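Engineer: quick one: sequence plus predicted model below, questions after.
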Amino acid sequence: MRTKLFFSEAFRSVASNFSTTLAATMTVLIGMFLLGLFIALGTWVLSWTSSVERGILVKVFFEQDATPTQINRVHERLVTMPEVKSISFISKEDALRRMKERYPDLTQDLPSNPLPPAFEVKPTDASYKELIASRLRELALPGVDSVNTAKKESDRVLQVARIIGVIFLAGSIILLVASTLLIANTIRLSIFSRRREVEVMKLVGATNWFVRGPFMLEGLMCGLAGSLLAIILLLLAKEFALPVLEGSNGSFSEPGVRAMSFSLMALILVGVSLLVGAVGSGITLRRFLRV
């Protein structure tokens with residue numbers, strides 16, 4: 001009976017205060033649309049940085065006349081390091097083939113193969129690359145010409161990854177707080193117009209939760225409607241705008257780089273909007289319950 005009363009009161013409030021309800025719904029729509037874009041872009045960038053981190057390697061270049069025994073000795077040392085995830089041997093022939101694929105004009109008239117054999121060492125974590133390289137340099141194993149980590153480029157990628165993580169977290173929190181405050185201010189207009197009704201209900205003995213129930217349900221309805229509209233707009237953007245971006249910039253369709261799945265993002269937006277709508281209504285109503 002009480003649930004039925006809550007729903008009837010909520011629908012009556014929506015019908016009688018359509019303008020404020022529409023304003024609250026549009027507020028949720030804008031907030032959830034921006035949050036959805038932020039989640040999609042943020043997770044794509046994080047996926048891209050993770051892909052780049054996975055590609056960070058420690059390259060061990062051997063001398064041209066390095067013997068198989070010297071190469072095997074380096075391999076044995078690398079295997080004992082817990083920071084090493086995998087080791088790939090690149091022969092002189094493989095190195096030349098890669099060079100021809102990447103720079104065909106520079107390699108078409110080579111009289112001989114100038115490239116040395118090498119190990120490509122993948123660390124368990126990108127931050128271990130310098131540790132692995134320093135250990136190899138300290139060992140000064142025979143046959144090793146140089147150890148390269150592309151320190152400047154890889155450090156820049158790791159720094160960007162950390163900055164993006166902080167921005168993604170801070171931006172999400174700011175959007176959630178802003179959406180909650182905007183919804184609270186919008187719903188406050190509806191509650192203010194019915195403050196006398198709230199005061200009367202409190203004076204006749206209604207509990208805080210009995211008074212708060214219809215308003216929080218109204219906030220849930222606004223949140224749900226706004227999130228569904230935002231999801232529809234995001235779906236249209238995904239179907240029509242994303243293919244244009246992928247066609248004009250190939251980096252948006254790199255293999256292995258993906259944003260969060262749309263279905264999961266939609267569930268998150270619905271859940272967040274319901275929470276924000278209920279919390280916004282509850283926060284706003286607190287001052288009117290002090291009778």
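Structural biologist: Received, thanks.

Engineer: so which helix or strand takes in residue 30?
Structural biologist: Here residue 30, judged by DSSP states H and E, is contained in helix 18-54.

Engineer: which parts of that helix are buried?
Structural biologist: By neighbour count on 16 or more other Cβ atoms under 10 Å, the buried set for helix 18-54 is 20-21, 23-33, 35-36, 38-40, 42-49, 52-53. In short, each C-beta sits where N, CA and C put it, glycine included.

Engineer: stretch 63-78 too?
Structural biologist: Here stretch 63-78 shows 66, 70, 71, 73, 74, 77, 78 as buried, counting by 16+ other Cβ under 10 Å.

Engineer: before we move on, what about stretch 111-121?
Structural biologist: 115, 116, 117, 118, 119, 121.

Engineer: could I get these as CSV with secondary structure, distance to residue 200 and pLDDT?
Structural biologist: Formatted as CSV, those follow (DSSP: H, G, I helix; E, B strand; the rest coil; distance: Cβ to Cβ, whole Å; pLDDT from 0 to 100):
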residue, secondary structure, distance to residue 200, pLDDT
115, coil, 87, 82
116, coil, 88, 87
117, coil, 88, 89
118, strand, 83, 90
119, strand, 81, 90
121, strand, 76, 90
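
Engineer: and of these, the nearest to residue 57?
Structural biologist: Relative to residue 57, the closest of those is residue 121; by Cβ to Cβ it sits at 6.2 Å.

Engineer: so what sits opposite that closest one in the bridge?
Structural biologist: In this structure, residue 121 bridges to residue 58, residue 87 when assessed by DSSP bridges.

Engineer: from residue 51, how far off is it?
Structural biologist: Per Cβ to Cβ, to the nearest Å, residue 121 is found 18 Å from residue 51.

Engineer: just residue 164 next, same as before
Structural biologist: On the measure of Cβ to Cβ, residue 164 and residue 51 end up 13 Å apart.

Engineer: what's the answer for residue 162, then?
Structural biologist: 16 Å.

Engineer: then residue 137?
Structural biologist: 28 Å.

Engineer: stretch 108-116 spans what distance, first to last residue?
Structural biologist: Start and end residues of stretch 108-116 are separated by 18 Å (Cα to Cα, to the nearest Å).

Engineer: got a list of contacts for it?
Structural biologist: Outside stretch 108-116, the residues within contact range by Cβ atoms under 8 Å, 6 or more residues apart in numbering are 61, 62, 63, 64, 66, 92, 93, 95, 96, 99, 100, 145.

Engineer: which non-adjacent residue is nearest the most centrally placed residue in the chain?
Structural biologist: The chain has residue 43 as the residue nearest its centroid, 2.5 Å off, counting by Cα atoms, centre = their mean. Excluding its sequence neighbours, the residue lying closest to residue 43 (Cβ to Cβ, 6 or more residues apart in numbering) is residue 260, at 4.2 Å.

Engineer: residue 59 too?
Structural biologist: residue 148 (4.6 Å).

Engineer: who's in contact with the one you found?
Structural biologist: Residues in contact with residue 148 (Cβ under 8 Å, 6+ apart) are 58, 59, 61, 133.

Engineer: which of the residues you listed are buried?
Structural biologist: Members of these classed as buried by 16+ other Cβ under 10 Å are 58, 61, 133.

Engineer: TSV please, covering these and showing distance to residue 275 and pLDDT.
Structural biologist: Output for these, formatted as TSV (distance: Cβ to Cβ, whole Å; pLDDT from 0 to 100):
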residue	distance to residue 275	pLDDT
58	46	87
61	55	90
133	47	88
